[in-house]
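Participant: 3D, please:
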Amino acid sequence: MMHRAKLAVAALALAATVGSVTSAAALGPAAGQQADGVIVVSGNTCTWTDARTSANPPSALTVDRTSINKPGGNLACNGGITATLNNNPAFTFDDAAATARTDLIDITGQQSFVSCRYKASNLVWDRDGTTRKYVNRAFTATKVSGSFLCPGSVTTAAGGASMLFH
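Facilitator: Residues are numbered from 1 along each chain as shown. Here you go, the predicted model:
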């Protein structure tokens, strides 16, 4: 049961990390179309650096999953868990409201022989002051495939993930 919970948390953690974004317009120097992400959920931490994006915020953009997933990226989670992003998430920004939105996050987490795939849609993120950092609002991801040991859904609390564009 502990492995099942850790696996679900790691998959959701990556989903939340991918979904967090930051705004660049009038908030400082132009970003280099890269993003770093981190999340800590129930003692599990997933991180990556230098993921490629298709544009700089506040322009609509996508995050390139091949620059996050190994071998091209450096996504790493602790607790013996591996994770893989299955899509290139798209983001839109509303600078006046200091928010960003993610269309869909599709993620698979694996620990030992147990694999769980989750999807979350229409995620909302809040900008952290005038920085290029955004943090997630609470959301739930639904299991779309995987072992019977995987929970049917997992929830990430508000503020459980962030990403910084640079």
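Participant: what is the burial count for the nearest residue to G152 once chain neighbours are set aside?
Facilitator: Spatial nearest neighbour of G152, excluding adjacent residues (Cβ to Cβ, 6 or more residues apart in numbering): K143 at 5.2 Å. Glycine gets a C-beta too; all of them are placed from N, C-alpha and C. Residues lying near K143 (other Cβ atoms under 10 Å) number 17.
Participant: what's the answer for S162, then?
Facilitator: By other Cβ under 10 Å, 22 other residues sit near S162.
Participant: check the one 3 residues further on too.
Facilitator: Residues within reach of F165, counting by other Cβ under 10 Å, total 24.
Participant: was I right about it contacting S59?
Facilitator: No: in this structure F165 lies outside contact range of S59 using Cβ atoms under 8 Å: 11.4 Å.
Participant: for the closest residue to A138 other than its chain neighbours, grab phi and psi.
Facilitator: Counting by Cβ to Cβ, 6+ apart, A138 lies nearest to A158, which is 4.5 Å off, once chain neighbours are set aside. When quoted as degrees, to the nearest 10, the phi and psi of A158 stand at phi -60, psi 140.
Participant: any idea how far A158 is from G152?
Facilitator: The gap separating A158 from G152 is 21 Å, by Cβ to Cβ, to the nearest Å.
Participant: more neighbours, these two?
Facilitator: Neighbours per residue (other Cβ under 10 Å) separate A158 from G152, with A158 holding more: 12 against 8.
Participant: what residues does the more buried one make contact with?
Facilitator: V135, N136, R137, A138 (Cβ atoms under 8 Å, 6 or more residues apart in numbering).
Participant: neighbour-wise, give me the winner out of these.
Facilitator: With neighbours taken as other Cβ under 10 Å, the top of the contacts of A158 is N136, carrying 27 neighbours.
Participant: for that one, give its distance to T130.
Facilitator: Counting by Cβ to Cβ, the separation of N136 from T130 is 19 Å.
Participant: could you do A158 as well?
Facilitator: Counting by Cβ to Cβ, the gap from A158 to T130 is 20 Å.
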